[in-house]
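Chemist: Okay, predicted coordinates and the sequence, questions at the end:
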Amino acid sequence: MLIFNHMVELQAPQLDSVFHALGDATRRQMLRDLSRGERTVGQLAQPFAISLAAASKHIKALESAGLIRREVRGRTHLCRLDPGPLASAHQWLGFYERFWTDRLDVLERLLRDEDAAKSPTRKGDDR
């Protein structure tokens, strides 16, 4: 637990920016599009009918979180997915998934024990 807490403290600013970036539906869709390959800023903006300036703001949020990389080729800005920070967020969420799974397992055992105590089977009881 101490190692996990230390890891989270070291990654807190990065996790904050990742979850901020993922908190917007437009940015999540841009990431989905980038999972299929490189896209230009215009291609990323196109499904949303937003200006290139608005798309650029979304892309900057994704870049700040480290979720995408932008390469300038002449006048074209190409973006590609960088999944590393998503792995860190997944690891952080995984800790809480294990925490709740363990708690639910305990609850399930308690409920089964309670059910077993309420309906004991007695030998010779014909009820």
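Modeler: On my side now, so go ahead. Worth saying up front: this structure is predicted, and the values here are computed from it rather than measured.
Chemist: When you work out contacts or count neighbours from here on, use the C-alpha atoms and nothing else.
Modeler: Will do.
Chemist: can you map out the strands along this structure?
Modeler: 39-40, 68-73, 76-81 (DSSP state E).
Chemist: For my notes, please list the ones you listed in CSV and give distance to Lys60 and mean pLDDT for each entry.
Modeler: Below are the strands of the chain laid out as CSV (distance: least, Cα to Cα, whole Å; pLDDT from 0 to 100):
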stretch, distance to Lys60, mean pLDDT
strand 39-40, 13, 95
strand 68-73, 9, 94
strand 76-81, 11, 94
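Chemist: Would you reformat these as a markdown table and include distance to Gly94?
Modeler: Shown next, in a markdown table, are the strands of the chain (distance: least, Cα to Cα, whole Å):
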| stretch | distance to Gly94 |
| --- | --- |
| strand 39-40 | 30 |
| strand 68-73 | 22 |
| strand 76-81 | 22 |
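Chemist: for the ones you listed, which one sits closest to Leu15?
Modeler: strand 68-73 (14.6 Å; Cα to Cα).
Chemist: and the strands of the chain as TSV, adding distance to Phe19 and mean neighbour count?
Modeler: Output for those, formatted as TSV (distance: least, Cα to Cα, whole Å; neighbours: other Cα atoms under 10 Å):
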stretch	distance to Phe19	mean neighbour count
strand 39-40	22	18
strand 68-73	14	14
strand 76-81	16	18
